[in-house]
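**Student:** got a structure for you, letters missing:
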């Protein structure tokens, strides 16, 4: 693979940064792109060139056309989407040069799994436990369900990531109002209304994997130690874990979907320690660096699969490493702690920042990307009126393909 020119998209985030670093260390020539001038990858020593492109969710066709221009100008052989922008690249594949390789999930299953209700349906088919979930066919049906459902419960948009738009309901009246607010705020239509899901309060874990035709070739399990929003949302601090049950469930779902490529599953443990599947990310995930530090180099593995048709076994040599911390995320979690008067947790932030050995967004030999990332998030924090978890509405109100009856429970 040495010398091959690769383009990594969605370059403002730590996921893209981790991908760029690993591909560069594997001998590839890395370019990056993003829709923000504050993209952290543009300041990285591991990236040769950076290009500004349109918002992939707000202007999908324009985005794909811009990516095509970058591919031709930079002589790109391989494109690795770092986020859900694989959708416009699949939708408008005809705009891209025919000889370029674009990684991504299976065409139909990847889009299908962007809808969390579809995941519930496919998980049930594979006999994988999920929290009790209702997909209302109307706002009126949702309100009736909230008044008859044991509380607390979770209101969850069918699309989105990082707990964006997620609301925990503790009483029916405020829950019904919150549901209507979600629908109005994101202009959600019938067929794409938020789910109502059983609330589970337990240990959260993740399963990272790569598969070929449904056969999992490598998987890594992680435990979420701290999240950005006090118990839910994007993980900020995580550690390696061992769970044969989660590994088996991962393999079972991959076979059900006949998955090829990388993926990430979110689980939560019930009272008896049994795992319930929450989400499937049909793409790279935020906590990617932890898997890499533990010997699971998913970016290089995916690149080898795309370029040669086979996984390089040297990409998956298990070793144990300490926890990995997301610095920008820890700062946002601290702000949330202060806002909600969780003083003890907020006071531990300096210890976490100084006491960690591995970071998602900082390398001593490559310090500038962290500075750019902090500026990016600060600008978003100001624009969002102090919201540490801003939402791009187009990621939520663009329905994915539905594979099951929206009225099923």
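**Tutor:** Okay, I see it. What you see is a predicted model; the values in this text were computed from it and never measured. Residues are numbered from 1 along each chain as shown.

**Student:** Where does pLDDT dip in the stretch 301-409 of the chain?
**Tutor:** Counting by pLDDT under 70, the low-confidence segments of the stretch 301-409 of the chain come to 386-395, 397-403, 405-409.

**Student:** all strands of it, in order?
**Tutor:** Across the stretch 301-409 of the chain, reading from the start of the chain, the strands by DSSP state E, counting those that start in this stretch fall at 324-325, 358-359.

**Student:** Summarise which helices and strands the first one is packed against.
**Tutor:** For strand 324-325, the helices and strands in contact under the criterion 3 or more CB pairs under 8 Å, 6 or more residues apart in numbering; DSSP states H and E are strand 235-241, helix 288-293, strand 358-359. Quick note: C-beta positions are derived from backbone N, CA and C, even for glycine.

**Student:** would you list those in a markdown table and tack on mean neighbour count and distance to residue 299?
**Tutor:** Written out in a markdown table, the entries for the helices and strands packed on strand 324-325 read as follows (neighbours: other CB atoms under 10 Å; distance: least, CB to CB, whole Å):
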| stretch | mean neighbour count | distance to residue 299 |
| --- | --- | --- |
| strand 235-241 | 22 | 18 |
| helix 288-293 | 26 | 8 |
| strand 358-359 | 18 | 16 |
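
**Student:** Ramachandran coordinates for the spatially most central residue of the chain?
**Tutor:** Here the mean C-alpha position of the chain is nearest to the C-alpha of residue 285 (CA atoms, centre = their mean), at a distance of 4.1 Å. Comment: the main-chain dihedrals of residue 285 come out as phi -120, psi 160, following degrees, to the nearest 10.

**Student:** can you pull the contacts of the residue nearest to residue 156 when sequence neighbours are not counted?
**Tutor:** Nearest residue to residue 156 in three dimensions, chain neighbours excluded: residue 195, at 4.8 Å (CB to CB, 6 or more residues apart in numbering). With contacts taken as CB atoms under 8 Å, 6 or more residues apart in numbering, residue 195 has the following neighbours: 116, 117, 120, 133, 134, 135, 154, 155, 156, 157, 158.

**Student:** Of these, which is the most crowded?
**Tutor:** The most crowded member of those, judged by other CB atoms under 10 Å, is residue 135 (28 neighbours).

**Student:** sorry, back to before: and the residue nearest to the residue nearest to the centre of the chain when sequence neighbours are not counted, what helix or strand is that in?
**Tutor:** Counting by CB to CB, 6+ apart, residue 285 lies nearest to residue 264, which is 3.9 Å off, once chain neighbours are set aside. Secondary structure here is read from DSSP states H and E; on that basis residue 264 sits in strand 261-269.

**Student:** Would you mind pulling up the elements that whatever helix or strand comes next after that strand packs against?
**Tutor:** Later in the chain than strand 261-269, the nearest helix or strand by DSSP H and E is strand 275-281. Helices and strands in packing contact with strand 275-281 are listed as helix 116-125, helix 244-257, strand 261-269; criterion 3+ CB pairs under 8 Å, 6+ apart.

**Student:** any chance of these in CSV, plus distance to residue 346 and mean pLDDT?
**Tutor:** Putting the helices and strands packed on strand 275-281 into CSV (distance: least, CB to CB, whole Å; pLDDT from 0 to 100) gives the following:
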stretch, distance to residue 346, mean pLDDT
helix 116-125, 31, 96
helix 244-257, 31, 97
strand 261-269, 25, 97
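
**Student:** Could I get the buried residue list for stretch 109-129?
**Tutor:** Applying a neighbour-count criterion of 16 or more other CB atoms under 10 Å, the buried positions in stretch 109-129 are 109-123, 128.

**Student:** do stretch 31-49 as well
**Tutor:** 31-36, 38-44, 46-47, 49.
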